[in-house]
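**Q** Need a 3D model of the sequence below.
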Amino acid sequence: MAKVNIKSEKITPFGGFYYASKAFSALSLDKVINGTLGVRSSTYNGYQWNEIMSAMSDVFLRGGDCVEDVNRSECHLRESPEVRIPTSHTIGRAIKELSQENLEYKSSSGNVFKFNTNLRLNDLLMKLNMKMELFKSGQTVNVDFDHVFVKTGKADATYSTSMLTAIP
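**A** As a prediction, this is how the structure comes out:
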């Protein structure tokens, strides 16, 4: 028969999340993120990129649908003294800081394709993969990029009829 020990009287629905957070720290992913994206805030209470990225991933790891879901679970997550959780507004501002203008490609048939290659985020993605040893130095990796178009009611969404399969 298994023995059950009660470690704390505080019970949180996100207890397993703390293990993921510790793994994030153990791999020093915060240093990779801040080293790649730079200093976001020089003030004591400002949020750095690692805290923004961690909060975004935490939302989706906990089954959230949108960044605003950080507000729903922050009361539980604030129980950990190591965790600083930005508001959804702060996360939204940070995402805008990372954005870049779309590039346009006009095909010979006259179709205009818009795409975005955010070099800072691509560099960060590669460095994180290397740090987690998902990719090895000198290894050749083929990356396949596919689009899935989903109709949305968002006011700022634009319709696209086709996709660009190869970028020269």
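**Q** Can you name every helix or strand that the helix or strand containing Glu51 contacts?
**A** With elements taken from DSSP states H and E, the one containing Glu51 is helix 49-61. Other elements packing on helix 49-61 under the criterion 3 or more CB pairs under 8 Å, 6 or more residues apart in numbering; DSSP states H and E are helix 17-26, helix 29-37, helix 70-77, helix 88-98. For glycine as for every other residue, the C-beta is placed from the backbone atoms N, C-alpha and C.
**Q** redo that, cut-off 6 Å
**A** The elements that helix 49-61 packs onto, with contact taken as 3 or more CB pairs under 6 Å, 6 or more residues apart in numbering; DSSP states H and E, are helix 29-37, helix 88-98.
**Q** most packed of those?
**A** The highest mean neighbour count among the helices and strands packed on helix 49-61 belongs to helix 29-37 (a mean of 17), with neighbours defined as mean count of other CB atoms under 10 Å.
**Q** Let's test this: mean pLDDT of that one, rounded?
**A** The average pLDDT within helix 29-37 is 94.
**Q** thinking again about what came up before, now render the helices and strands packed on helix 49-61 as JSON lines, adding distance to Leu121.
**A** Shown next, in JSON lines, are the helices and strands packed on helix 49-61 (distance: least, CB to CB, whole Å):
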{"stretch": "helix 29-37", "distance to Leu121": "8"}
{"stretch": "helix 88-98", "distance to Leu121": "6"}
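**Q** rewinding a little: average pLDDT for the helix holding Glu51?
**A** Confidence over helix 49-61, taken as the mean pLDDT, stands at 86.
**Q** for stretch 68-83, same thing?
**A** Stretch 68-83 carries an average pLDDT of 69.
**Q** Ends of that stretch, what's the gap?
**A** Counting by CA to CA, to the nearest Å, the length from the leading to the trailing residue of stretch 68-83 is 18 Å.
**Q** Sketch out the low-pLDDT regions of the chain for me.
**A** Applying pLDDT under 70 to the chain flags the ranges 1-2, 4-18, 73-82, 145-150, 154-168.
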